[in-house]
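Enquirer: With the sequence up front, the predicted model follows.
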Amino acid sequence: MEIKIGTPQILKILNILSWIIFIGLCVEAGMYLFNGIYTMTINSYNARFLDLLDLYNYSPSFYIQEISFISIVAILKAIMFYLIVKMLHEKKLNIEQPFTAEMGRFISYLSYLAFGIGLFSF
């Protein structure tokens with residue numbers, strides 16, 4: 001007895017995995033934003049959770065700059081997976097004709113986001 005896994009099953013699995021990754025990235029981005037705001041307003045010792053306490057003690061403005069870059073990268077990654085989840089959820093991927101103008105725009109958006117993530121990670 002052979003079990004055959006087809007394209008629809010693979011797309012469902014990719015959709016589920018994309019949702020899991022998207023939710024994780026949203027939590028990560030929220031954690032960085034919350035940690036940065038909490039550190040600057042309530043408890044400066046909270047910077048130790050990201051191993052940035054020495055940076056905060058050296059200069060709070062450098063800490064703000066670093067946490068901003070980390071947050072921007074996390075938000076861009078979440079946006080990237082939001083676009084992937086949206087594309088998989090709305091079933092815009094046509095296997096018979098995968099290279100449409102809409103998929104071209106999707107790939108273009110993903111490439112711009114990947115470039116922005118690389119730029120801010122640097």
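Expert: Perfect, thanks for sending it.
Enquirer: Tell me the helix or strand right after the helix or strand bottoming out on mean pLDDT in the chain.
Expert: Every helix and strand of the chain was ranked by mean pLDDT, DSSP states H and E. The lowest is helix 53-58, at a mean of 84. Next along the chain after helix 53-58, taking DSSP states H and E as the criterion, comes helix 60-89.
Enquirer: By residue count, what's the longest helix in this structure?
Expert: Taking DSSP state H as the criterion, the chain has its longest helix at helix 7-41.
Enquirer: who does it touch, helix- and strand-wise?
Expert: Packing partners of helix 7-41 (3 or more Cβ pairs under 8 Å, 6 or more residues apart in numbering; DSSP states H and E): helix 60-89. Yep, even glycine has a C-beta here, placed from its N, CA and C like the rest.
Enquirer: Go ahead and produce CSV holding the CA coordinates of whichever helix or strand comes after the helix it packs on.
Expert: Next helix or strand after helix 60-89 toward the C-terminus (DSSP H and E): helix 101-121. C-alpha atoms of helix 101-121 as CSV (Å, rounded to 0.1, in the frame of the first residue of the first chain):
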residue,chain,number,x,y,z
ALA,A,101,2.1,39.0,-12.5
GLU,A,102,0.7,38.6,-9.0
MET,A,103,3.4,36.1,-8.1
GLY,A,104,6.0,38.4,-9.6
ARG,A,105,4.9,41.2,-7.3
PHE,A,106,4.9,38.8,-4.3
ILE,A,107,8.5,37.7,-5.1
SER,A,108,9.5,41.3,-5.6
TYR,A,109,8.0,42.3,-2.1
LEU,A,110,9.8,39.3,-0.5
SER,A,111,13.1,40.3,-2.1
TYR,A,112,12.8,43.9,-0.9
LEU,A,113,12.0,42.7,2.6
ALA,A,114,14.9,40.3,2.5
PHE,A,115,17.2,43.1,1.4
GLY,A,116,15.9,45.3,4.3
ILE,A,117,16.4,42.6,6.8
GLY,A,118,20.0,42.1,5.6
LEU,A,119,20.6,45.8,5.6
PHE,A,120,19.4,46.3,9.2
SER,A,121,21.1,43.1,10.4
